[in-house]
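what shape does this take:
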Amino acid sequence: MSDQHTYAYFGASPSPRLERFAAELGAALERAGFARDDSTERAQLVLNLIDPDEPRPFRRHSRGTFAAAIHELPAVPDDILKLNYPLLVRALANQVLCYVPDQGVWFTTPERGHYSELAVNGERALAEKVIERLVPLATARLVIDNEYRRDLEEELWGGDEISNDVATAGERLGELALLPAPFPVEELLDERDLRQVRLLYGIGGLSYGNLSARKDEQRFWMSASGIDKSKLKTVGRDILLVSNYDAVNGQIVLSVPPNLEPRRVSVDAIEHWMIYQEHPDVRAILHVHCWMEGITATDINYPCGTEELARSVTDLVAAADDPAHTVIGLRNHGITATGESLSEILDRIEPSILRQVPMS
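Coordinates of the predicted model:
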């Protein structure tokens, strides 16, 4: 069964109606080619049935497991985001689904995305719609592992003009007040949940975005993961040189200096890698959590750090009139902009930035 997609249940249903709908979801998954696995350690997709008053967290054994927490309400709440968002943290979920019998399912993502599937033709049809939403996310391939090679040229141990430009652009992002989070997370979480976010992510918000600049034909400097992008200082710790991609093992290859404990590169390194490899004229890439009117955007909100998201963005860059100077929207998430330098990108997009990402 190693080559087959698998799913598992976690938690106990607090109501017979939710239990029946969970069974419909399982049947829809099996029609989609999934097999049920009683071990949550191996399953790619875990359906965590929770009580919204006391959600039981699902702790992953594999970073490749997608956890969808599902709860039931008797009626559609006035503010689904305010209800669902804390449950993301408490249940440790990739998405939270609020099921309202005979009405539909309301989804919420960590990036604050919220959308719904309405019950039109019965529970089986609703389950099919829900699974159509979840399967692409659960089966996406994460590329977030790094391979460290201590082969960085000695003359680059202290960085160069290009890495300095990355640091300067990070400072500018801070001055533009685009850091640290794409939205005021404290409006959705109480102090207990905020402490959990800080513990899980090691930062004050859910994401800081990322930025990179091309070094040569293959390599590029890129910001590290989980750090304040307005304070990029040390090569190998805050700014890393991406030198290759091991597609077989799904690892980003980094050249780092010796005698330094390196950080992980941003999870979006695979996206930047694809764009640089396919577009030699692209000299810099900026990803930040804001929006611009009139931009082309991805259709599916794949998780960050997946090949599928990277391919979606790269294909839209290729389809742009000027791939080397374009802005692509990531649905329910933010933008990726290409340019001849990070300062050129910021000069170009700053007048048109919308700080609120539209959600759908």
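
ok, Ala69 - contacts?
The contact partners of Ala69, taken as CB atoms under 8 Å, 6 or more residues apart in numbering, are Asn48, Ile50, Pro55, Phe58, Leu87, Leu88, Ala91, Ala93, Gln95, Val96, Leu97. Any C-beta I mention is one placed from the backbone N, CA and C, and that applies to glycine too.

next, it: phi, psi?
Dihedral angles of Ala69 (phi, psi; degrees, to the nearest 10) stand at phi -90, psi 130.

how close does it sit to Thr108?
10 Å (CB to CB, to the nearest Å).

shared neighbours of those two, which are they?
When contacts are counted by CB under 8 Å, 6+ apart, Ala69 and Thr108 are jointly contacted by Leu87, Leu88, Gln95, Val96, Leu97.

so where's the stretch 51-200 of the chain uncertain?
179-184, 197-200 (pLDDT under 70).

the stretch 1-150 of the chain: helices as residue ranges?
Secondary structure of the stretch 1-150 of the chain (DSSP state H, counting those that start in this stretch): helices at 16-31, 80-91, 123-138.

now these in a markdown table, with mean neighbour count?
Shown next, in a markdown table, are these (neighbours: other CB atoms under 10 Å):
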| stretch | mean neighbour count |
| --- | --- |
| helix 16-31 | 17 |
| helix 80-91 | 21 |
| helix 123-138 | 19 |
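
can you tell which of the ones you listed is closest to Leu152?
helix 123-138 (35.4 Å; CB to CB).

which helices and strands sit right next to the closest one?
Applying 3 or more CB pairs under 8 Å, 6 or more residues apart in numbering; DSSP states H and E, we find helix 123-138 packed against helix 16-31, strand 45-49, strand 66-72, strand 95-100, strand 104-108, strand 114-118.

now the ones you listed in CSV, with distance to Ser312?
CSV is the format used below for the helices and strands packed on helix 123-138 (distance: least, CB to CB, whole Å):
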stretch, distance to Ser312
helix 16-31, 23
strand 45-49, 20
strand 66-72, 17
strand 95-100, 18
strand 104-108, 19
strand 114-118, 17
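
out of those, nearest to Thr306?
Across these, Thr306 has its closest neighbour in strand 66-72 (10.4 Å, CB to CB).

and that closest one, how far out from the chain's middle?
17 Å (CA atoms, centre = their mean, to the nearest Å).

can you check what angle separates that strand from helix 80-91?
120 degrees (axes from the mean of the first three to the mean of the last three CA atoms, to 10 degrees).

partner strands of strand 66-72, with direction?
Paired with strand 66-72 in the same sheet, following DSSP bridges, are strand 45-49 (parallel), strand 95-100 (parallel).

in a markdown table: those, plus distance to Glu161.
Output for these, formatted as a markdown table (distance: least, CB to CB, whole Å):
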| stretch | distance to Glu161 |
| --- | --- |
| strand 45-49 | 46 |
| strand 95-100 | 42 |
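
nearest to Ala177, out of these?
Of the strands paired with strand 66-72, nearest to Ala177 by CB to CB is strand 95-100, at 28.5 Å.
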